[in-house]
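> let's see this in three dimensions:
(one chain, ligands or ions: 1)
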Amino acid sequence: MSEKRRILLQLDTDAQPSTFDSIVALDAGADVLLRYGGVRPETVVPLVHGAIFTRGPKDLPHTAIFIGGSDVALAEQVRDVVRKTLLPQWGLSVSVMLDANGSNTTAAAAVRTVLAHQELSGASVLVLGGTGPVGQRIAYLAAQQGAQVRIASRQLSKAQEKVARLQARLPHGRFLATQTASESALREALRECQVVFGSGPAGVRVLPKALWLGQSSLRILLDLNAVPPSGIEGVEPTDNGVLRDDVRCFGAIAVGALKMKIHKAAIAQLFTRSDLHLDIEELFSLSATL
Ligand SMILES: NC(=O)c1ccc[n+]([C@@H]2O[C@H](COP(=O)([O-])OP(=O)(O)OC[C@H]3O[C@@H](n4cnc5c(N)ncnc54)[C@H](OP(=O)(O)O)[C@@H]3O)[C@@H](O)[C@H]2O)c1
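Residues are numbered from 1 along each chain as shown. As a prediction, the model looks like this:
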């Protein structure tokens, strides 16, 4: 009998499963997409059972699960239930990837981009929009690389709460909460930073050029906002390492190209075995091979 078709269950916490994730999955080699919207931790178990109890262990590498949705915390809860429902002890398992709102692949691409130009060990890094899903993952990866990471928020208490969570996950990580609600606070947060990640919301300027221009320690600006105006003033979305006023700049479109490569390679990898769990660490490792 010919090889089984590659089936991807796309489990999305949003009412409408993401068309972006569907298209990437098909382009990355899934033959059949089973798309489910409004997936919740309490409704996901039968979907997983359907995936693992149909094909036998030999064919299960041809079935995989992708978990997405704009509510990253909810998607993580779904991921936890999915993992608990698998029965690897009997070979009844499928590979699983989590990339809610693109946060894992985007953060992996952002940090990998910087690492190609700047050692992060010992560097001071500022993450603007650092309390969002992408910023949190950038902070985690940068701290894992040995950076001292400042998590910026408009509210100090919010940054502190996120720092506490990151610290629990990475006890040796060096994190600092910083409030950036005013220009003077932003200027202070930028002091002696080598790298700034702009991870604020789409269409919102989080750093005016006047604040970073002439900041002598600054080496790299990376902005993830592709919707005008740019998040970091002076960085163009297509910048891919261009020097602007002596600072190397990366924009959202350039970083997005690597994000797409990581996303596609990860989907393809899901179909190579039945026991992969692709989350932020695994996707970041994968990015090193591309
Ligand atoms: N290129 C790609 O492939 C790709 C993929 C995914 C995402 N992205 C981009 O990555 C960026 C980050 O995504 P995300 O989902 O993590 O962002 P997000 O959750 O929408 O926002 C991040 C943080 O920005 C702060 N913020 C909200 N409104 C603000 C405002 N008006 N002014 C200043 N700060 C504000 C909030 O922090 P506080 O309330 O704590 O201040 C929030 O936690 C976005 O620009 C998104 O478009 C790019």
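
> give me every residue in the stretch 151-290 of the chain lying close to the ligand.
153-155, 158, 199-202, 204, 206, 224-226, 252, 255-256, 259 (C-beta under 6 Å from any ligand atom). Glycine gets a C-beta too; all of them are placed from N, C-alpha and C.

> among these, which are in helices?
Counting by DSSP state H, these place 158, 252, 255, 256, 259 in helices.

> quick one: buried ones out of the residues you listed?
Taking 16 or more other C-beta atoms under 10 Å as the criterion, what is buried in those is 158, 252, 255, 256, 259.

> follow-up on the earlier one: mark which of the residues of the stretch 151-290 of the chain next to the ligand are buried, thanks.
153, 158, 199, 200, 206, 224, 225, 226, 252, 255, 256, 259.

> model confidence at the residue of the stretch 101-250 of the chain found nearest the ligand, what's the number?
Proximity of the stretch 101-250 of the chain to the ligand (C-beta to the nearest ligand atom) peaks at residue 132, 2.5 Å away. pLDDT recorded at residue 132 is 95.

> swap in the one 3 residues further on?
Reading off the per-residue confidence, residue 135 sits at a pLDDT of 97.

> give me the low-pLDDT residue ranges for the stretch 1-150 of the chain?
In the predicted model, the stretch 1-150 of the chain carries pLDDT under 70 at residues 1-2.

> near the ligand, which residues of it?
With C-beta under 6 Å from any ligand atom as the criterion, the stretch 1-150 of the chain meets the ligand at residues 101, 102, 106, 129, 131, 132, 133, 134, 135.

> for the buried ones among the ones in helices among the residues of the stretch 151-290 of the chain next to the ligand, give me a markdown table that also has pLDDT.
What follows is these, written out as a markdown table (pLDDT from 0 to 100):
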| residue | pLDDT |
| --- | --- |
| 158 | 97 |
| 252 | 97 |
| 255 | 98 |
| 256 | 97 |
| 259 | 98 |
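
> one step back: farthest pair in the residues of the stretch 1-150 of the chain next to the ligand?
Using C-beta to C-beta, these span at most 17.1 Å, a distance reached by 102 and 131.

> what segments of the stretch 101-250 of the chain are helices?
103-115, 133-144, 156-169, 183-190, 209-212 (DSSP state H, counting those that start in this stretch).

> nearest to residue 57, of those helices?
helix 103-115 (27.5 Å).

> that closest one to helix 133-144, inter-axis angle?
Counting by axes from the mean of the first three to the mean of the last three C-alpha atoms, to 10 degrees, helix 103-115 lies at 50 degrees to helix 133-144.

> other residues contacting helix 103-115?
72, 98-99, 120, 133-134, 136-138, 140-142, 145, 195, 197, 199, 220, 222, 224, 250, 254-256, 258-259, 261-263, 266, 278-280, 283-284, 286-288 (C-beta atoms under 8 Å, 6 or more residues apart in numbering).

> go on, stretch 156-165?
If you take C-beta under 8 Å, 6+ apart as the criterion, stretch 156-165 is touched by 130, 131, 136, 139, 151, 152, 153, 175, 176, 177, 178, 179.

> now, of these, which are buried?
Among the contacts of stretch 156-165, the ones that count as buried by 16+ other C-beta under 10 Å are 130, 131, 136, 139, 151, 152, 153, 175, 177, 178, 179.

> report the contact partners of the second one.
For residue 131, the contacting residues are 151, 153, 158, 159, 162, taking C-beta under 8 Å, 6+ apart as the criterion.

> okay, those residues in TSV with distance to residue 60 next?
Supplementary listing: these in TSV, determined by distance: C-beta to C-beta, whole Å:
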residue	distance to residue 60
151	40
153	43
158	42
159	43
162	37
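
> need the max-distance pair from those residues.
For those, the farthest-apart pair by C-beta to C-beta is 151 and 158; their separation is 9.1 Å.

> surely residue 215 and residue 193 touch.
Yes - between residue 215 and residue 193 there is a contact under C-beta atoms under 8 Å: 7.3 Å.

> list the buried residues of stretch 212-227.
Buried residues in stretch 212-227, counted by 16+ other C-beta under 10 Å: 212, 215, 218, 219, 220, 221, 222, 223, 224, 225, 226.

> quick check, pLDDT for the third one.
To tie it back to what came earlier, the one meant is residue 218. pLDDT, read off for residue 218, is 98.

> residues contacting the residue nearest to it when sequence neighbours are not counted?
In space, and not counting its chain neighbours, residue 218 is closest to residue 247: 5.2 Å by C-beta to C-beta, 6 or more residues apart in numbering. Applying C-beta under 8 Å, 6+ apart to residue 247 gives the contacts 212, 218, 219, 220, 221.
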